[in-house]
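Student: what follows is a protein structure lacking sequence information:
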């Protein structure tokens, strides 16, 4: 039988054609690229985001002063000594002997310095039942968690000798060790289990081992290459471990998706009677083009994070952008070469226990055929019901409360150190997270500077911003002083932020601000959170406008339809809104929170809404571009708009479902992690992808397009001069499917 007119044009088609003709060259070039990228990246090393790069504003200024002065702040530790009942106070002999025992025990370890008794530093609570022994860990603060175990053991030994008291240690090093022991493998387990999960789903989808391995291989090589590129790029834009994890997630998602799209179309064309070469050329022209459009759109969405001005977000955005670009290039170059090399062997390693269907008509999904029949019969009703359902799901998002989660919100109170954190904050509000004033002067020991520091310490307490004690550490050689101010409000972020504002706007101008040449930025946990929130809020509008406007323009150029561009944006916004609603319902209001282990969180972590918007807007374009491309292709081949919708949605349902199941499964793994911020990210992403692949693509998109009819392809005359990027393949009648014998049956995606 003839293969019809299969002339192709366009970048994706030409790249696929060249790769198929020069198979070994394409595979060799790709492997060389991966090896070179990884090798050069390893040789260059990776520069991670530093403290002074994290934020703008006072937090950035304080970090810069510390770095320029060459001061390495040690990891501070605190031991809480607290009476278990009201009969014992800090003035009693038993209490004093316990404090002395703590001081002696930690000093004997040889791992600490600057040990301070509460009787020297006045770190005794107002009720007299609690006191703090404070000290610093020796050595690099970043690795202090690795050296703190002997100190923890020493404190535990003192606790055994004083049953009437609570003697508990908390600080940067002890928290680092505790969380590493409890949750350190969480991320690694999630990352390592993502690949086997994806492979298992692909095995079920394709029914053949070789076909299932291809998408995973493409995704893994794209991730490896990007890891190397991250090392090179980090010398211009610092990277981070968080960016690494996000890159892995996004790379696995899009790498598998793009290969699925390509391989699914190549299989479909072969099932329809095309020879292997022609099937590849058509797959390159159709799915290859959809991959390019989708990839560019996802890259644009990820680039939105570069407008936040927050180094961590910029690192995540750039890393995600790079892995999408690498996966996109690999999909339209090395994948056609591999398919050409494998030929029919792509179906090797079949799983005989999976249900098989004949290729004759087997590509259509019976479930989605039945759904589409009802949707297209009453498109207005379907559109109203689907939109109403999504708006109802999105409704809780109106009352979204975002904040940086406290320790007990992030990890719950199951860990003893979290309970210690709460007890310290109750007895010494703000003591575990004090504001830190970094004071730099021409001469830090000048009389007027010393007087200003003393005034600041006094007024910090008199103003009500702190209950004290306010500690001052002077580094004379560097002309820098650190002032530690426990904030009233403690772990209550809102109240602590009010105390911070008093310090910055009232106390500082009246004291340190009166001395010429003095810089006194205020940093610390609460200040960092406030600066982060302020900067994030200020970046929401620019990021939103950038992503939406550029996505609209790309869809307009790719489909030459203003209607398709508008509906694409609206449907994606509905999907994101529904994901927000689910997040708020579960994590803020607690509806079904026990199912994911999220009881009592009460808020959404600050960075998540903007992060989800960018990621989801990008990833949802994968499905949208693929489905709409197939609908437009069918329309260009002479089908009516309604038939084209039916054909496009039903024939892509299998690959969209498979891709969505993989994404939902991978993201759901992150929803099982112990940290609430990771749970929120995993649940939000999984819910959004599920909604996007079912209600949006399966119901709302076809209903809206059916209602619009021929207006789907409307383009104003004044836009006709735009570049024509619509399609890479000339309209050709599809060849009728051929019947294959039983041994040549395929399991459709």
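Tutor: That came through, no problem. Everything numeric here is computed off the predicted structure, so don't read it as measured data.

Student: CA only for contacts and neighbour counts going forward, please
Tutor: Noted.

Student: check the offset of the biggest helix by length in the chain from the chain's centre.
Tutor: Scanning the chain for the longest helix, with DSSP state H as the assignment, gives helix 525-559. In terms of C-alpha atoms, centre = their mean, to the nearest Å, the centre of helix 525-559 is set 15 Å apart from its chain centre.

Student: just the buried positions in it, please.
Tutor: Neighbour-count burial for helix 525-559, counted by 16 or more other C-alpha atoms under 10 Å, picks out 525-533, 535-536, 539-540, 543-544, 546-548, 551-552, 554-559.

Student: and after it, which helix or strand comes next?
Tutor: Next helix or strand after helix 525-559 toward the C-terminus (DSSP states H and E): helix 562-583.

Student: and the longest helix of the chain with helix 562-583, angle?
Tutor: The directions of helix 525-559 and helix 562-583 differ by 150 degrees, with axes from the mean of the first three to the mean of the last three C-alpha atoms, to 10 degrees as the criterion.

Student: from residue 329, how far off is the closest residue to residue 170 other than its chain neighbours?
Tutor: Counting by C-alpha to C-alpha, 6 or more residues apart in numbering, residue 78 is the residue found nearest to residue 170 once chain neighbours are left out, at 5.4 Å. Distance of residue 78 to residue 329, computed by C-alpha to C-alpha, to the nearest Å: 53 Å.

Student: so the closest residue to residue 175 other than its chain neighbours, which of the three states?
Tutor: Closest residue in space to residue 175, ignoring its immediate chain neighbours: residue 417 at 7.2 Å, by C-alpha to C-alpha, 6+ apart. Three-state call for residue 417 (DSSP: H, G, I helix; E, B strand; the rest coil): helix.

Student: with the one 3 residues further on instead?
Tutor: Reduced to three states with three-state DSSP, the structure at residue 420 is helix.

Student: please apply the same query to residue 72.
Tutor: Going by three-state DSSP: residue 72 is coil.

Student: gap between it and residue 33?
Tutor: For residue 72 relative to residue 33 (C-alpha to C-alpha), the value is 40 Å.

Student: so between those two, which is more surrounded?
Tutor: Ranked by neighbour count (other C-alpha atoms under 10 Å), residue 72 and residue 33 place residue 33 first, with 15 against 11.

Student: would you agree the more buried one falls within a helix?
Tutor: Yes. Per three-state DSSP, residue 33 lies within a helix segment.

Student: for residue 373, the count of nearby residues, please.
Tutor: There are 12 residues near residue 373, going by other C-alpha under 10 Å.

Student: how close does it get to residue 380?
Tutor: In terms of C-alpha to C-alpha, residue 373 sits 13 Å off from residue 380.

Student: who touches the residue nearest to the spatial centre of the chain in this structure?
Tutor: Centre of the chain computed as the mean C-alpha position; nearest residue by C-alpha atoms, centre = their mean is residue 246, 5.0 Å away. Neighbouring residues of residue 246 by C-alpha atoms under 8 Å, 6 or more residues apart in numbering: 316, 319-320.

Student: tell me the helix or strand right after whichever helix or strand it is part of.
Tutor: Taking DSSP H and E as the criterion, residue 246 maps to helix 241-271. Sequence order places helix 276-303 as the next helix or strand after helix 241-271, per DSSP H and E.

Student: tell me the mean pLDDT over that next one?
Tutor: Averaging pLDDT along helix 276-303 yields 84.

Student: distance from the chain centre to that helix, please.
Tutor: 25 Å.

Student: likewise for stretch 669-689?
Tutor: With C-alpha atoms, centre = their mean, you get 10 Å for stretch 669-689.

Student: now do the end-to-end distance for stretch 461-471.
Tutor: Across stretch 461-471, first to last residue, C-alpha to C-alpha, it's 12 Å.

Student: typo on my end, it should be stretch 487-496
Tutor: End residues of stretch 487-496 are separated by 6 Å (C-alpha to C-alpha).

Student: which residues does stretch 133-151 contact?
Tutor: Contacts for stretch 133-151 (C-alpha under 8 Å, 6+ apart): 72-81, 99, 102-103, 105-106, 109, 111-118, 123, 172-177.

Student: do that again at 7 Å, thanks
Tutor: The set of residues external to stretch 133-151 that reach it, using C-alpha atoms under 7 Å, 6 or more residues apart in numbering, is 74-80, 106, 109, 111-118, 173-174, 176-177.

Student: the residue nearest to residue 170 - how many residues pack around it?
Tutor: Neighbours around residue 78, by other C-alpha under 10 Å: 22.

Student: so what strands line up beside whatever helix or strand it lives in?
Tutor: Taking DSSP H and E as the criterion, residue 78 maps to strand 76-83. If you go by DSSP bridges, strand 76-83 pairs up with strand 130-137 (antiparallel), strand 165-171 (antiparallel).
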